[in-house]
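# Build me a model:
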Amino acid sequence: MKLILAAALAAALASPAIAAPAPKPPKVDPALHAKALEILKRSIAFPTVQGRRQTTAYAEYLKGVLVAGGYKDAEILIEPLGDTAFLIARYPGTDPKKKPIVISGHMDVVEANPRDWERDPFTPVEENGYVFGRGAVDNKFDVSMMVATLAGLRKSGWKPGREVVLALSGDEETTMKTTAVLAERLKGAELVLNIDGGGGGLNEDGTPISFGIQGAEKTYADFHLTVTDPGGHSSRPTPTNAIYRLAKALDRLEAYEWPTMSNEITRASLAAAARNTPGAVGQALAKFAADPADKAAVAAIRADPVWSPALHTTCVATMLSGGHAPNALPQRAEATVNCRIFPGTSSASVKATLAEVVGDRSVVVTRMDDGSIDSPASPLRPDVVAAVTKAVRARFPGLAVVPSQASGATDSMYFRAAGVPSYGVSGLFMKDSDEFSHGLNERAPISAIDGDLAHYDSILRDLAK
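Prediction:
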């Protein structure tokens, strides 16, 4: 799930007044490129969708690639959990006193209906410079590039100072139960590099816009608002109509203004965006970054629907049901409210706020089992920022490298909740017109392979010394 602070962040940094840096094509062994492309295509062919029980087979395939690169069989664990599985592959370090670095990604993908696609979603197709297929981007592109990188480094004889642990979950798109196990087992790590977060943006002409290091993310929570009533005959309306009571509760929720919040990540990203955002909004972004208590700046940002969600938790009604017959008073009315919770805010406090805002004890607020967990922001570690900046600018000299906060959740939230700082560092640069993750005809640009391989090679050599 590759989401940054907001699409507007990349757009704001894409000022025509600033010349895009001339790219430097990375030097990658053609054999490594070919192997990475092969891994990606083979990966797509595994339909690692919830319920299909293909994740273990996919993990076994990836294990084979790593063993062929020089990993020992005993260094790779594949453990089934329910109808999925997770993988842990350990690349030994030379200094046992140093904590390991964890590389986090996920093997599962969202469902895809072949009838809706132009090509079969689980038959990889190479066409017009792209690889098409479900998971081509989310998250099998970066998983494939990282596996190819690790196998190549092991084969070359590179010896990291820190142990490098590849941790691939099997249900990031659904319940995240494998993620919870991974975070618990690896909570002694120095840090996590999440290859399912962050990344770069490209203009439609292929010139780079910016790169985001994801250091925070809003967590996810679904709540049910439920009203019940004895009901009765529709010819005899009552003042306790369940649908009316629910509607009034939703009206109050819509009108509620969630408290303004900020952290190191959002202030840095808004300050960067302010430099290229014209008018009053740009001025407000700069003022807020300098002083989050500036009421005028807060008002200006919150009035802008694009930037407003960066400042607070959001809760919105997304589903509605009620009644059981057209000629009967409703015995039940229910709404689903989806919340994207600002880092560091507990879901329990959000639930309490919903109940308070609704202001009606007959409206029962319950938390759904959505696989999310409360998670703080990670500190902007100078070593991580320096390593990522070096890798990015080796390809795009002078490109803006900006801290970002994701509007959606990834596996990072479980590691952050366990006390391990986590950073989204995907090396994939994409155009908006190529972004079809979770959608029809998902595709990844083949031209991005060499850049991603060089990106990970550079970061690992710097951070795993």
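# When you work out contacts or count neighbours from here on, use the C-alpha atoms and nothing else.
Will do.
# does residue 151 really touch residue 62, like I thought?
No. Using C-alpha atoms under 8 Å, residue 151 is not in contact with residue 62; the gap is 10.1 Å.
# From residue 250, how far out is the residue nearest to residue 89 when sequence neighbours are not counted?
Nearest non-adjacent residue to residue 89, counting by C-alpha to C-alpha, 6 or more residues apart in numbering: residue 76, 4.3 Å away. Per C-alpha to C-alpha, to the nearest Å, residue 76 is found 50 Å from residue 250.
# Looking at the two, which one has more neighbours?
residue 76 (22 against 19; other C-alpha atoms under 10 Å).
# quick one: low-confidence parts of the stretch 51-200 of the chain?
Of all residues in the stretch 51-200 of the chain, none has pLDDT under 70.
# So which residues of it form helices?
55-68, 140-156, 177-185 (DSSP state H, counting those that start in this stretch).
# Out of those, which gets nearest to residue 307?
Closest to residue 307 of the helices of the stretch 51-200 of the chain is helix 140-156 (C-alpha to C-alpha; 28.5 Å).
# what sits up against the closest one?
The contact list for helix 140-156, computed with C-alpha atoms under 8 Å, 6 or more residues apart in numbering, reads 32, 35-37, 39-40, 43-44, 62, 65-71, 105-107, 135, 195-196, 426-428, 444, 449, 452-453, 456-457.
# Spell out for me the ChimeraX command that would select the buried members of these.
Applying 16 or more other C-alpha atoms under 10 Å to these leaves a buried subset, and the ChimeraX line that selects it is:
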select :32,35,36,37,39,40,43,44,62,65,66,67,69,70,71,105,106,107,135,195,196,426,427,428,444,449,452,453,456,457
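# Tell me how many other residues crowd the residue nearest to residue 445 when sequence neighbours are not counted.
Distances taken as C-alpha to C-alpha, 6+ apart put residue 130 closest to residue 445, at 4.5 Å, once the chain neighbours are dropped. Number of residues near residue 130 (other C-alpha under 10 Å) recorded here: 17.
# separation between residue 130 and residue 66?
Counting by C-alpha to C-alpha, the gap from residue 130 to residue 66 is 25 Å.
# Can you list the buried residues in stretch 290-302?
Neighbour-count burial for stretch 290-302 [16+ other C-alpha under 10 Å]: 292, 297-298, 300-302.
# same deal with stretch 352-370?
Quick answer for stretch 352-370 (16+ other C-alpha under 10 Å): 354-355, 357-358, 362-365.
# Let me know whether residue 362 touches residue 227 as I believe.
Yes. In this structure residue 362 lies within contact range of residue 227 using C-alpha under 8 Å: 6.2 Å.
# re earlier: quick one: closest of the helices of the stretch 51-200 of the chain to residue 121.
helix 140-156 (13.2 Å).
# So which of the contacts of helix 140-156 belong to strands?
105-106, 444 (DSSP state E).
# Tabulate those (TSV), appending distance to residue 314.
What follows is the ones in strands among the contacts of helix 140-156, written out as TSV (distance: C-alpha to C-alpha, whole Å):
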residue	distance to residue 314
105	26
106	26
444	31
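# Nearest to residue 54 among these?
Using C-alpha to C-alpha, the ones in strands among the contacts of helix 140-156 come closest to residue 54 at residue 106, 13.3 Å.
# how about that closest one, what does it touch?
Contacts of residue 106 (C-alpha under 8 Å, 6+ apart): 139-140, 143, 168-172, 196.
# Scan the residues you listed and report the most crowded one.
Top of the contacts of residue 106 by neighbour count (other C-alpha under 10 Å): residue 170, with 32 neighbours.
# That residue touches residue 86, doesn't it?
Yes. The pair residue 170 / residue 86 is scored as a contact, 5.3 Å apart, by C-alpha under 8 Å.
# and for these two, which residues touch both?
With C-alpha under 8 Å, 6+ apart as the test, residue 170 and residue 86 both reach residue 178.
# And the pLDDT for the nearest residue to residue 402 once chain neighbours are set aside?
Excluding the flanking residues, the one nearest residue 402 by C-alpha to C-alpha, 6+ apart is residue 212, at 4.8 Å. On pLDDT, residue 212 comes in at 95.
# Identify the bridge partners of residue 212.
residue 199, residue 402 (DSSP bridges).
# Surely it is in contact with residue 199?
Yes. Using C-alpha under 8 Å, residue 212 makes contact with residue 199 at a distance of 5.5 Å.
# which residues do the two both contact?
Joint contacts of residue 212 and residue 199 (C-alpha under 8 Å, 6+ apart) are residue 425.
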